[in-house]
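Student: After the sequence you'll find the predicted model.
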Amino acid sequence: MKSSTLAATLEALGVKQSLSRPRVSNDNPFSESLFGTVKTRPNYPTGAFASLAAARLWVEQFVRWYNTEHRHSGIRFVTPAQRHCVEDVAILKKRTKVYKRARKRRPERWTGDVRNWSRIEEVRLNPAARPCEVALA
């Protein structure tokens, strides 16, 4: 979004650029993560779509997969749909039990505690800075 060609094209089309921070186009981690996932899909198109309908179909299928099948590391490897419907609570409790049972059965395979499967209560785009960081700014 910072290239001069794109900026000129947007200006010619009457589109006003809006960046969250001055001269920074990569400050939305959720969008950046989504774009990274899109580009690494095995069925990511290598050329132009045959039609607008074909493009819409591909995006619709991707979004369905992303929200209902793709497990996100930032929310402890559950899907956004599971998180939204609060199904993640039971899933994460079950994972904790499975890991603890496995550790009890084969303790020699573990060097520390079991993986943290507690629910991440708050997922934020721009978490508030801690007081000590604000004081230093």
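Tutor: Perfect, thanks for sending it.
Student: Residue 44 is in contact with residue 38, isn't it?
Tutor: Yes: Residue 44 lies in contact with residue 38 (C-beta atoms under 8 Å); the separation is 6.6 Å. C-betas here are computed from N, CA, C, even on glycine.
Student: which one of these two has more residues nearby?
Tutor: The residue with more neighbours, out of residue 44 and residue 38, is residue 38; 14 against 11, by other C-beta atoms under 10 Å.
Student: next one: the strand or helix carrying the more buried one to chain centre, how far?
Tutor: Taking DSSP states H and E as the definition, one finds residue 38 inside helix 29-39. Relative to the mean C-alpha coordinate of its chain, helix 29-39 is positioned 7 Å out (C-alpha atoms, centre = their mean, to the nearest Å).
Student: same question, stretch 6-21
Tutor: 26 Å.
Student: Return the alpha-carbon coordinates of that stretch using PDB.
Tutor: What follows is stretch 6-21, C-alpha atoms only, in PDB (Å, rounded to 0.1, in the frame of the first residue of the first chain):
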ATOM      1  CA  LEU A   6      -0.500   2.200  -6.000                       C
ATOM      2  CA  ALA A   7      -0.800   5.500  -4.300                       C
ATOM      3  CA  ALA A   8      -1.100   7.300  -7.700                       C
ATOM      4  CA  THR A   9      -3.700   4.800  -8.800                       C
ATOM      5  CA  LEU A  10      -5.700   5.200  -5.700                       C
ATOM      6  CA  GLU A  11      -5.500   9.000  -6.000                       C
ATOM      7  CA  ALA A  12      -6.600   8.900  -9.600                       C
ATOM      8  CA  LEU A  13      -9.600   6.800  -8.500                       C
ATOM      9  CA  GLY A  14     -10.500   9.200  -5.800                       C
ATOM     10  CA  VAL A  15      -9.700   6.700  -3.000                       C
ATOM     11  CA  LYS A  16      -8.100   8.200   0.100                       C
ATOM     12  CA  GLN A  17      -5.500   6.100   1.700                       C
ATOM     13  CA  SER A  18      -5.900   5.400   5.400                       C
ATOM     14  CA  LEU A  19      -3.100   3.900   7.400                       C
ATOM     15  CA  SER A  20      -3.300   3.400  11.100                       C
ATOM     16  CA  ARG A  21       0.200   4.800  11.700                       C
END
